[in-house]
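J.: Following is a predicted model, sequence given first.
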Amino acid sequence: MTATTDTQEMPETDGATGTTGGGYEPTARTVPSRSRERARYDRETVHSILDQAYVCHLGFVRDGAPVVLPTLYGRVGETLYVHGSTGSRPLLAAGQADPGLPVCLTVTHVDGLVLARSAFHHSINYRSVIVHGTAYQVTDEAERRMALDALVDHVVPGRSADSRPANAKELAATAVIRLDLNEVSAKLRTGGPNDEPEDMGLPYWSGVVPVAPVHGTPIPADDLAPGIATPDYLAAL
């Protein structure tokens, strides 16, 4: 009942998976070994999934062991930016110009709980993106400021222009790494359960329970100065 993203040998490229018209080229690491028909490589699908999520999981190897960190990110064109403390070990590793830090970054949306008549065929409807590549630390100050604005605006569009920019001390304590979107794939599941024909007559409910994020009413800070209204851009969330 899990969304499998294992990879193996590459199949032939075809239009059904969005590998034409400027999409991302499939590689041995971005082709699913199961449910290949769910894979997508077109930029529109990949960008949409990335832009609608808040948290990514950044995977890398540290001292010979795998590590996965949940963190915020932002997309600018064909580049993802991730930030953290300058003392963070993965960000320090990414600061080495050569070879950088090999990473795997993933983003997943859960859109529905798929309940089948059999336990085996329970599943979820989901949209996911996997990015493989080498991350490098951003050292140019102008790019770092742009990346940090992108991180803020990724969470709440328009917020970076409506808040104080980072000062020199805050910038010195913040590291930013960049990961280019080169080796990328998306994978999606939609629709209802895939019950076996012999199970159709069983007396168990079968169907989909939709799952969607909900933004609540903004709650002002206790020390918010009187007269500061809730920004209009929050209504668009």
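T.: Done, it's in.
J.: could you pull out the helices for this structure?
T.: Assigned by DSSP state H, the chain shows helices spanning 43-51, 89-94, 141-155, 168-172.
J.: Quick one: closest of those helices to Gly191.
T.: Comparison of those against Gly191 by Cβ to Cβ identifies helix 43-51 as nearest, at 16.6 Å. Every residue, glycine included, has its C-beta placed from N, CA and C.
J.: list the contacts for the residue positioned nearest the centre of the chain?
T.: Against the mean C-alpha coordinate of the chain, by Cα atoms, centre = their mean, the closest residue is Val107 at 2.6 Å. Taking Cβ atoms under 8 Å, 6 or more residues apart in numbering, we find Val107 in contact with 49-50, 53, 55-57, 128-129.
J.: Need the per-residue pLDDT for Asp6.
T.: Looking at Asp6, its pLDDT stands at 37.
J.: Equivalent analysis for Asp98, please.
T.: With respect to pLDDT, Asp98 scores 63.
J.: thinking again about what came up before, which among the contacts of Val107 gets closest to Val76?
T.: Looking across these and measuring by Cβ to Cβ, the closest to Val76 is Leu50, at 11.0 Å.
J.: ok so, going back, identify whichever of the helices of the chain lies nearest to Glu198.
T.: For Glu198, the closest of these is helix 43-51, at 35.3 Å, according to Cβ to Cβ.
J.: just to revisit the earlier point, from the contacts of Val107, which ones fall inside strands?
T.: 55-57, 128-129 (DSSP state E).
J.: Other residues contacting stretch 190-198?
T.: With Cβ under 8 Å, 6+ apart as the criterion, stretch 190-198 contacts 111, 114-118, 121-123, 125, 206-208.
J.: Which of the residues you listed are buried, as a ChimeraX select command?
T.: Entered in ChimeraX, the line below selects the buried ones among these, by 16 or more other Cβ atoms under 10 Å:
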select :111,114,115,116,117,121,123,125,206,208
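J.: out of the contacts of stretch 190-198, who's nearest Glu143?
T.: Asp111 (34.2 Å).
J.: okay if I get the helices of the chain as TSV plus distance to Glu37?
T.: Below are the helices of the chain laid out as TSV (distance: least, Cβ to Cβ, whole Å):
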stretch	distance to Glu37
helix 43-51	14
helix 89-94	34
helix 141-155	30
helix 168-172	46
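J.: For the spatially closest residue to Ser185 that is not a sequence neighbour, give its distance to Ser206.
T.: In space, and not counting its chain neighbours, Ser185 is closest to Thr30: 3.6 Å by Cβ to Cβ, 6 or more residues apart in numbering. Taken as Cβ to Cβ, to the nearest Å, the spacing of Thr30 relative to Ser206 amounts to 32 Å.
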